[in-house]
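Chemist: following is a predicted model, sequence given first.
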Amino acid sequence: MAQVELVQFIPQTGRYLIYYPKNYELHEDEDSIVTISPNDGNSTMTISGYEVEGEADATVIEQFLSGITSSYELTSELKLGEFGEGIKIEATFKKGENKWLWKIFSLGNAMVVVSINSEDVLNSEQLGLYEFMLQNMEVYPD
């Protein structure tokens, strides 16, 4: 993979920090939903931050993922794992012709929900770049 220049971004909510490629487009809407996509428009990563009452533990993030993906077809098993001092859950889905990778990262009372979608299966370079961005993301609980 060629070297990529990254830019730091913290949304209005201050819920997380992420680095994204300088040549990608980033947009944050009035609800602090952030989209990051390459200029070719082949894929999009959408990120939103949430605060829950209590702790965003495995049960909370599994239920949240189930709720937001209820109209999607699950195409992989749910994977629960560690994310720094927090936890994450992920799975792949299909809705219509689009392929989706959904992930939720949590730490304390903070949840960051990420979806990556594309009409095509993401190649290893595209997926690797998104994964790199997410592995280096910082989540900020209150």
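Modeler: Great, that's in hand. Numbers count the residues shown, from 1 in each chain.
Chemist: nearest residue to the middle of this structure?
Modeler: Centre of the chain computed as the mean C-alpha position; nearest residue by CA atoms, centre = their mean is Val114, 2.0 Å away.
Chemist: wasn't it part of a helix?
Modeler: No. Applying DSSP: H, G, I helix; E, B strand; the rest coil, one finds Val114 to be strand, outside a helix.
Chemist: and the pLDDT at it?
Modeler: Looking at Val114, its pLDDT is 98.
Chemist: now it, nearest residue through space, not along the chain?
Modeler: In space, and not counting its chain neighbours, Val114 is closest to Lys103: 4.5 Å by CB to CB, 6 or more residues apart in numbering. Placement of C-beta: from N, CA and C, glycine included.
Chemist: cool, and Leu80?
Modeler: Leaving aside its sequence neighbours, Leu80 is closest to Ile89 (5.1 Å, by CB to CB, 6+ apart).
Chemist: from Pro38, how far out is the one you found?
Modeler: The gap separating Ile89 from Pro38 is 26 Å, by CB to CB, to the nearest Å.
Chemist: and the two? Which one has more around it.
Modeler: Set side by side, Ile89 and Pro38 show more neighbours around Ile89, with 20 against 16, by other CB atoms under 10 Å.
Chemist: what sits against that one?
Modeler: Contacts here follow CB atoms under 8 Å, 6 or more residues apart in numbering; on that basis Ile89 touches 58, 61-62, 65, 78-81, 103-104.
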